[in-house]
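Novice: Any chance you can model this:
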Amino acid sequence: MRVQVFFSLVLLFISIESSFGAAKEGTFLTYADVKGSPYNVTYDARSLIINNQRTLLLAGVIHYPRSTPGMWPYLMQMAVANGLNTIQTYVFWNFHEHDRDVYDFDGRGDLALFLETAAEYGLFVNLRIGPYVCAEYSYGGLPVWLNGIPGISFRSYNMPWMLEMYRFTADILNYVDPYLARNGGPIIIAQIENEYNDGDQKYVDWCGQIVAEFNIGIPWIMCNGMSANNTIETCNSCNCYDAGWVTNHPKQYPGQPLMWTENEGWFQQWGVAKAIREPEDLAYSVAEFIGGGGSYHSYYMWHGGNNYGNIGGSGITTMYADDTNLHADGTPNEPKFSHLGNLHFLLQKYAPILLGQNIPAAQSIPWWNGNAFINGTQQFAYTYSGRNGVGLTFLISQANVPVLTQFLNVNYTLAPNSVKILNQELQVLYDTSVVAPNIPINNTVINPVTTEPFTFQSWTEPTNSTNPVINGASVPTVGNQIPIEQLNFTNDDTIYMWYRTNVTFSFPYGTPLITVGTRMANALHFFLGGKYLGEWADYSHDQGNATGYIAFDGSQFGEGVYLLEILSISLGIDNGVGPNQFEAKGIVGAVVFMGTILNGPWVLQKGLIGEFLQIYTSEGLNSVKWQSTPVVNHPLTWYTTVFQLPSTINTDTSANPLLLDVTGLGRGHAFFNGNDIGNYWTIDGACYDSPPCCCQQAQVNCFEATQGLYHIPPDWLNPPGQNNTLTIFDEIGANDLTTVRIVQRVVTVNYLDY
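Specialist: Numbers count the residues shown, from 1 in each chain. Take a look at the predicted model:
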């Protein structure tokens, strides 16, 4: 475990204010303003208070496992360029403690380096420990070994759960202690639990008790659900104002500030065309919230991030979220990035006025009904008076049609669901419905990096053997009378598991059927006597039992005994976790072959031979005999090639990312210099009459590949002139290797000068 202590370790007890108290000055502080010395963090009903100054906090979510250390400086720099002063992240239990009592804080899990990088760029940090995090992350961040603890019931007043939750939370707090505000570090807010709505008040009270016991000197929050008395309840929503939260929260929690932890950008699912939220709507929600008294706002996500390896939840694409301020590959999403940035910088400028006074009452403003100006309920204003004639007014319309309004005898046309921000002279400083004409909408171009087809070699996973041996090496297998559930057997070390048993084929005619009791977000490949029968796949973003099946042509088999092989592939462990709720994968019910339940015995194998030999690494590459003429349209086939990047690429590959174009492939995993880029799939994305969910307003790229380009992090690249190795495992069977290539998305705008 790595902790670089560069902050002062002076301990300072910090009390938490929960009363409004005397009026304090408002400002827009950054971590750079307090860096180097212990400082205190309190709050009142208006905002968080840092060193006795109320401060506006504009935050963006970056998940450190969904990015890499080589990306973090760029991401932090872009956060500052976008007008933010705070970074928010979850802590991911199953990344740090994949195996019980073995902690990992290396690579993408180097939380200390992540915090140091945020501090270096003058950014505060909101650390959401959970340890349940949801986040469309594998098992909501919980390690699967928790399933095996006797008597455990997650997220409830259950002693086995509470002991594990307390231990992990305490260990994380010990790890991050140098980075807490009381030690001069950037962490100013912590979170316990996450979106808890299961009704166990005793458990919620216990959460409050342990954060009091930890006594880390900063406010704790609980979001979007039940909250303990000594924590701040915060909002997660598409629009916290229109949802009524801004009105209800002060009544239910007097003395607490209005904090919005997740302004939803939503996420991407396999088989669904990309969904978007218009920048005007996002700006409307932010401006309305701040105008109505909000003092902390965070985009979830701000950087979309990528599910490298197998960290994604059920049915979630490798690009976790893409219609965010920064795309999943890190490039600015225009016009959203700049339209919101313009709002951020305006709010920064007027933060002293906004936070230097109590929240004003909403003032109804009249609207024109065609005959006269009349007062209604959907048009209103918040006016913040300032010193020396400087003030700010938020004119808000919740109507879904344009409305002519009147404020102080001046007429303003408000677009549907929009906010106009006026200065003291009633001039419009910002209109959420108007994207500035100078925003560079077409801000990137895609350039080919590899212009000639790769020279691939191939090797196929062996079948029709209960103990396959390659160059003297065999994967360990286990015999059992019945199939074993996959996560219990693999500990989620791999998404693959083989189930093998002998069957008797006595009716070689008709259309024989095999059915398997399995789970949602699971795929199954079927082989009989070494012949590939086909695949069943469910890619739902959900959990629950499912029936996998395959019908096949029986005429190709004579009577006799055959080896039935079923390869189970997890398509993500669902992130929805509650009391007495345990996720499973693989075979969890009966396997029926031509009407007969198979009673075993079974031979079970964890993972693939290629994984066991690590043939995607330089050390394991020569463990198998590669075929120089690669096979295509063959399932379970590995491909590898070595190439060099040309000197013509833009070498700033954080700002101008390299991407793997998987056109011509099926579904599988890609490895770049031994690093797992994640699951790829060329499945088309469907469009629907209405957007799939929640904050989404439209869909684009209908019936194209859900995701065609896959991010290659800059710290996984070898520079031009040195060899890079690309290794691909295709589960379904690649049909055209000549179209696989590397491209670069080049940003044509200098955002640090823009």
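
Novice: which residue ranges form the helices in the stretch 301-450 of the chain?
Specialist: Here the stretch 301-450 of the chain has its helices, by DSSP state H, counting those that start in this stretch, at 336-355.

Novice: ditto for the stretch 1-150 of the chain
Specialist: Shown for the stretch 1-150 of the chain, the helices assigned by DSSP H, counting those that start in this stretch span residues 72-81, 93-96, 111-120.

Novice: any idea how far Thr653 is from the closest residue to Gly721 other than its chain neighbours?
Specialist: In space, and not counting its chain neighbours, Gly721 is closest to Gln644: 6.3 Å by CB to CB, 6 or more residues apart in numbering. C-beta coordinates here come from the backbone N, C-alpha and C atoms, glycine included. Here Gln644 is placed at a distance of 15 Å from Thr653 (CB to CB, to the nearest Å).

Novice: Tell me which of those two has more neighbours.
Specialist: Just comparing Gln644 and Thr653: by other CB atoms under 10 Å the higher neighbour count belongs to Thr653, 23 against 13.

Novice: orientation of the helix or strand containing Ile172 relative to helix 111-120 in degrees?
Specialist: Using DSSP states H and E, Ile172 sits in helix 159-176. If you take axes from the mean of the first three to the mean of the last three CA atoms, to 10 degrees, helix 159-176 sits at 50 degrees to helix 111-120.

Novice: low-confidence ranges in the chain?
Specialist: Low-confidence segments of the chain, defined by pLDDT under 70: 1-24, 388-389, 507-510, 753-754.

Novice: farthest residue from the center of it?
Specialist: Within the chain, the residue lying farthest from the chain centre (CA atoms, centre = their mean) is Glu559, at 50.7 Å.

Novice: which parts of the helix or strand hosting Leu524 are buried?
Specialist: Here Leu524, judged by DSSP H and E, is contained in strand 522-528. Buried residues in strand 522-528, counted by 16 or more other CB atoms under 10 Å: Asn522, Ala523, Leu524, His525, Phe526, Phe527, Leu528.

Novice: Kindly indicate which of the residues you listed lies nearest Ala670.
Specialist: Each of the buried residues of strand 522-528 was checked against Ala670 using CB to CB; the closest is Ala523, at 17.1 Å.

Novice: Would you agree that closest one is in contact with Asp538?
Specialist: Yes: at 7.4 Å, Ala523 and Asp538 qualify as touching, with contact defined as CB atoms under 8 Å.

Novice: between those two, what contacts are shared?
Specialist: Taking CB atoms under 8 Å, 6 or more residues apart in numbering as the criterion, Ala523 and Asp538 both touch Leu571.

Novice: ok so, going back, which other helices and strands does the next helix-or-strand element following the strand holding Leu524 contact?
Specialist: Moving toward the C-terminus from strand 522-528, the next helix or strand (DSSP H and E) is strand 531-538. Counting by 3 or more CB pairs under 8 Å, 6 or more residues apart in numbering; DSSP states H and E, the packing neighbours recorded for strand 531-538 are strand 522-528, strand 545-551.

Novice: now those strands as CSV including distance to His339?
Specialist: Shown next, in CSV, are the helices and strands packed on strand 531-538 (distance: least, CB to CB, whole Å):
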stretch, distance to His339
strand 522-528, 40
strand 545-551, 42
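
Novice: Which one, of these, ends up nearest to Ser618?
Specialist: Closest to Ser618 of the helices and strands packed on strand 531-538 is strand 522-528 (CB to CB; 28.5 Å).

Novice: could you give the angle of the closest one to strand 531-538?
Specialist: Between strand 522-528 and strand 531-538, the angle comes out at 170 degrees (the same axes, to 10 degrees).

Novice: which other helices and strands contact strand 522-528?
Specialist: strand 513-519, strand 531-538, strand 545-551, strand 560-570.

Novice: Check which helices and strands the first one sits against.
Specialist: Applying 3+ CB pairs under 8 Å, 6+ apart, we find strand 513-519 packed against strand 522-528, strand 545-551, strand 560-570, strand 591-593.

Novice: one more time with 7 Å
Specialist: Here strand 513-519 touches strand 522-528, strand 545-551, strand 591-593, going by 3 or more CB pairs under 7 Å, 6 or more residues apart in numbering; DSSP states H and E.

Novice: closest one to Asp242 among those?
Specialist: Among the helices and strands packed on strand 513-519, strand 545-551 comes nearest to Asp242, with 37.1 Å by CB to CB.

Novice: got a list of contacts for the closest one?
Specialist: 511, 513-520, 522, 524, 526, 533-534, 536, 538, 588-589 (CB atoms under 7 Å, 6 or more residues apart in numbering).

Novice: please redo it, this time with the cut-off set to 6 Å
Specialist: The contact list for strand 545-551, computed with CB atoms under 6 Å, 6 or more residues apart in numbering, reads 511, 513-516, 518-520, 524, 526, 533-534, 536, 538.

Novice: And it, what's buried?
Specialist: Residues of strand 545-551 classed as buried by neighbour count (16+ other CB under 10 Å): Ala546, Gly548, Ile550.

Novice: same deal with stretch 606-626?
Specialist: Going by neighbour count (16+ other CB under 10 Å), the buried part of stretch 606-626 is 606-613, 615-616, 620-621, 623-624.

Novice: now Asn575: how far from Gly304?
Specialist: Asn575 sits 17 Å away from Gly304, going by CB to CB.

Novice: For the two, work out which one has more neighbours and name it.
Specialist: Taking Asn575 and Gly304 together and counting by other CB under 10 Å, Gly304 has the greater number of neighbours (27 against 23).

Novice: got the contact list for the more buried one?
Specialist: Tyr320, Ala321, Asp322, Thr324, His327, Ala328.

Novice: Not counting sequence-adjacent ones, nearest residue to it?
Specialist: Ala328 (3.6 Å).

Novice: same question, Ile587
Specialist: On the basis of CB to CB, 6+ apart, the spatially nearest residue to Ile587 that is not a chain neighbour turns out to be Pro483, at 3.9 Å.

Novice: Now for that neighbour, how many residues are close by?
Specialist: 25.

Novice: looking at this, it is in a strand?
Specialist: No: going by DSSP: H, G, I helix; E, B strand; the rest coil, the assignment for Pro483 is coil, not a strand.
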